[in-house]
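Asker: structure of the sequence below:
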Amino acid sequence: MGLLLAARASDSPWVAEVWTCRSERVAEMTSVATETWGLVFWEQDGVAGAAVTGPESRTATAPVPEGASFVGIQFAVGTSLRGVAAPSLVDTGIVLPDVTDRKFWLDGSRWETPGPDDAEALVARLVRSGVVVRDGLVADVVRGHRPPVTERTLERRFRAATGLTRGAVRQIERARTAATLLSSGAGEDTVIETLGYYDAPHLARALRRFVGRTSRQLRAGVEGAIALDLRQRATS
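Answerer: As a prediction, the model looks like this:
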């Protein structure tokens, strides 16, 4: 095995997913566009690290070194870091200083480095301290509610909270869902009809931009590791 990947959903409204990764040899992983930001912690050869990761507006590839282990927290849409402008994180991130296997610095304070089972406990502490905040209006819209505000106000709030336009958030969510359905064996026509794509070329363009795979590659499970629907997946 090259990469051992797994993820789980969270019952916290502040967290979208908690994931883990362990590399048994040098590998490369396709990073799928994501509308959310995250915290990632890693250890390799006894050296610990941590970073804030931003939303990703397009697919990319990322090298994974041998013998590294990772724990990641992907936050829910509408949450953000106090004091960090969300647009400044898009397609980039912030490496955190003075990280050990037990502690890391964030927002001027030292916090306990979490494992996959206590990620929500860390998030709860960050929320109570005001380090992680949430725009309730954006969160409500993502859940399907329509607040009584103008489109201009809604767009401004989305940009402030996520760094992305509301349209970009929808496009990324839809492409990720399409890729997950195709990876699970759904037919292309079914995905197009279910998710409202115009036609096969429309779906193909979205997959190419946001996922880095074709429908056929996703259905066949080829082309190596991909950071998508990681639940209980191992890749060689």
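
Asker: and V149, what's its pLDDT?
Answerer: Confidence at V149, expressed as pLDDT, is 88.

Asker: begin at 531, not 1, for the rest of this chat.
Answerer: Sounds good: first residue 531 from here, last item V679.

Asker: SS state for it?
Answerer: Classification of V679 using DSSP: H, G, I helix; E, B strand; the rest coil returns coil.

Asker: any idea how far it is from R687?
Answerer: Remark: distance between V679 and R687 (C-beta to C-beta, to the nearest Å) = 8 Å. Yep, even glycine has a C-beta here, placed from its N, CA and C like the rest.

Asker: wasn't L748 part of a helix?
Answerer: Yes. With three-state DSSP as the criterion, L748 is assigned to a helix.

Asker: in which helix or strand would I find the closest residue to it other than its chain neighbours?
Answerer: Residue nearest to L748 in three dimensions, not counting chain neighbours: L712, with 4.0 Å by C-beta to C-beta, 6 or more residues apart in numbering. Element membership of L712 [criterion: DSSP states H and E] is helix 696-713.

Asker: check which helices and strands that helix sits against.
Answerer: Contact partners of helix 696-713 among helices and strands, from 3 or more C-beta pairs under 8 Å, 6 or more residues apart in numbering; DSSP states H and E: helix 681-692, helix 718-725, helix 730-740, helix 745-750.

Asker: quick one: contacts for the closest residue in space to A705 that isn't next to it in sequence?
Answerer: Among residues not flanking A705 along the chain, F740 sits closest, at 3.8 Å (C-beta to C-beta, 6+ apart). Neighbouring residues of F740 by C-beta atoms under 8 Å, 6 or more residues apart in numbering: 562-563, 588-589, 701-702, 705-706, 709.
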